[in-house]
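> Curious how this folds, go ahead:
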Amino acid sequence: MDSSSNNEVFSAIESKYDRKRELKAFDDTKAGVKGLVDAGVSKVPKIFISPSDTTKKSNSSTEQFIFPVINLQGIIDGDQIKRKEVVEKVRDASETWGFFQVVNHGIPSDVLEEMIRGVRSFHEQDTEIKKQWYTRQLTKRVVYNSNFDLYSAPATNWRDTFFCIMAPNPPSPEQLPPICRDIIIKYSEEVKKLGSYLFELLAEALGLNRNHLSEMDCDKGLSVVCHYYPACPEPQLTLGASKHADDGFITLLLQDNIGGLQVLHQNHWVDVPPTLGALVVNIADLLQLISNDKFKSVEHRVLANHIGPRISIACFFSTFSLESSRLYGPIKELLLEDNPPKYRETTIQEYAAYFTEKGLDGTSALHHFRL
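The predicted structure follows:
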């Protein structure tokens with residue numbers, strides 16, 4: 001058969017494929033990707049297949065780039081010499097990588113381990129129990145589903161997610177799933193404390209008063225997003241999370257020891273090594289905007305794997321719960337004659353609407369607000 005005949009056959013197959021119907025059928029099960037795995041699927045359904053160029057792993061070796069790891073020991077206890085050293089490292093990582101890991105951050109190891117177990121327990125409990133939280137209404141304070149942008153993304157990711165808004169107005173304990181209720185509350189409190197310290201360090205790294213970012217309410221809104229990446233029969237065909245940049249100010253990520261997170265650095269996909277007891281911190285879009293491009297919000301992705309299941313918990317210090325009319329723009333103290341504002345001011349409502357509409361399509365929301 002010649003190439004033209006092949007193309008005709010391929011076109012005929014494509015014309016019979018009803019993506020919208022397939023998406024709805026998957027969504028209607030309310031069982032997520034884990035439901036497919038439990039059913040014994042041996043091939044990746046077509047809705048999950050990503051363009052081939054997006055699933056290729058970088059050829060760069062781990063020796064080519066050293067992912068920044070920052071030791072916070074002594075900072076919380078007030079060691080000023082150590083603090084100055086850490087601020088310099090935070091500045092360098094935020095300007096060049098947009099990512100760094102923190103160790104000795106003050107959150108007890110047993111809390112981290114219990115949080116990972118709790119998230120695993122939620123996703124691995126009976127589907128009929130989980131279904132009571134399954135919804136596409138992202139305005140709800142407690143949500144479980146698979147792919148928040150299921151109907152708009154070009155490819156579905158091999159991932160299920162449970163999330164809840166934990167600050168400034170958390171749900172009542174009764175609204176949270178009993179199987180992980182206590183640890184989510186405990187972990188959220190720990191993350192809020194650590195977040196406050198990190199925003200002080202970030203403010204100082206920008207040359208500002210240490211309370212500047214907290215006074216802008218950067219640490220007020222917290223969403224806890226609990227991802228479950230089941231083992232994939234054909235991981236080379238799909239992704240756990242497509243290339244994207246994060247909403248809000250910063251994200252704190254707790255991941256298990258399987259790995260799979262990659263950061264786009266100097267046009268290479270670089271593995272983020274899973275480090276026992278560490279948390280990954282990344283600069284998000286709105287912090288790049290208010291820092292006037294001083295700090296970088298960097299694209300990243302998660303590979304699918306055949307080992308699974310992989311657990312990660314992303315805590316977003318975001319705008320989700322902040323007053324919708326609040327304005328954010330480049331911080332005036334950072335603007336100079338040779339560093340004019342690169343972005344216009346935007347309201348939380350406009351920013352959040354644009355980011356949500358954009359979805360995880362691999363483009364940053366920032367260009368929409370550039371001058």
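> Buried residues of the top helix by length along the chain, list them for me.
Using DSSP state H, we find that the single longest helix of the chain is helix 181-205. The neighbour-count check on helix 181-205 (16 or more other CB atoms under 10 Å) flags 181, 183-192, 194-195, 197-205 as buried. C-beta here means a position set from N, CA and C on the backbone, and glycine is covered the same way.
> need the helices for this protein, in chain order.
Per DSSP H, the chain carries helices over the ranges 3-16, 19-29, 32-38, 52-55, 80-96, 109-124, 127-130, 181-205, 212-215, 285-290, 348-358.
> winner for burial among those?
Mean neighbour count (mean count of other CB atoms under 10 Å) peaks for helix 285-290 among the helices of the chain, with a mean of 24.
> what's the first-to-last distance across stretch 283-295?
With CA to CA, to the nearest Å as the measure, stretch 283-295 spans 7 Å from end to end.
> who touches it?
Counting contacts by CB atoms under 8 Å, 6 or more residues apart in numbering, the residues outside stretch 283-295 that touch it are 94-95, 98-99, 202, 206, 216, 218, 245-251, 296-298, 316-319, 328-331, 334-335, 339, 341-343, 346, 351, 355, 364-366, 369.
> Just the buried residues of the residues you listed.
Buried, going by 16+ other CB under 10 Å: 94-95, 98-99, 202, 206, 216, 218, 245-251, 296-298, 316-319, 328-331, 334, 341-343, 346, 351, 355, 364-366, 369, out of the contacts of stretch 283-295.
> Take those and keep only those in strands.
Using DSSP state E, the members of the buried ones among the contacts of stretch 283-295 that fall in strands are 99, 250, 251, 316, 317, 328, 346.
> need those residues in CSV with pLDDT and distance to residue 107, can you?
What follows is those, written out as CSV (pLDDT from 0 to 100; distance: CB to CB, whole Å):
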residue, pLDDT, distance to residue 107
99, 98, 19
250, 98, 15
251, 98, 15
316, 96, 17
317, 96, 15
328, 95, 28
346, 92, 33
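> quick one: which of those residues is nearest to residue 132?
Distance to residue 132, by CB to CB, is smallest for residue 316 among these, at 23.9 Å.
> Contacts for stretch 114-127 next, please.
So stretch 114-127 is contacted by 30-32, 34-35, 38, 130, 144, 160, 162, 177, 179-180, 183-184, 186-187, 226-228, 254, 256, 309, 311, 313 (CB under 8 Å, 6+ apart).
> Return the residues in contact with residue 297.
Residue 297 is in contact with 98, 245, 246, 282, 283, 284, 285, 287, 288, 364, 366, counting by CB under 8 Å, 6+ apart.
> if I look at the closest residue to it other than its chain neighbours, how far off is residue 295?
Closest residue to residue 297 apart from its sequence neighbours, by CB to CB, 6 or more residues apart in numbering: residue 288 at 4.1 Å. When CB to CB, to the nearest Å is applied, the distance between residue 288 and residue 295 equals 6 Å.
> likewise residue 216?
From residue 216 to residue 295 the distance is 14 Å (CB to CB).
> for residue 202, same thing?
Taking CB to CB, one finds residue 202 at 7 Å from residue 295.
> Which neighbours do these two have in common?
The contact sets of residue 202 and residue 295 overlap at 94, 287 (CB under 8 Å, 6+ apart).
> And for residue 217, nearest residue in space, chain neighbours not counted?
The shortest distance from residue 217 to any non-neighbouring residue, by CB to CB, 6+ apart, is to residue 322 (6.1 Å).
> same thing with residue 257?
Spatial nearest neighbour of residue 257, excluding adjacent residues (CB to CB, 6+ apart): residue 274 at 4.8 Å.
> Lowest-scoring secondary structure element of the protein by mean pLDDT?
In the chain, the helix or strand scored least confidently by mean pLDDT, DSSP states H and E is helix 3-16, which has a mean of 45.
> does residue 312 really touch residue 257, like I thought?
No. Contact between residue 312 and residue 257 fails when scored by CB atoms under 8 Å: they sit 11.2 Å apart.
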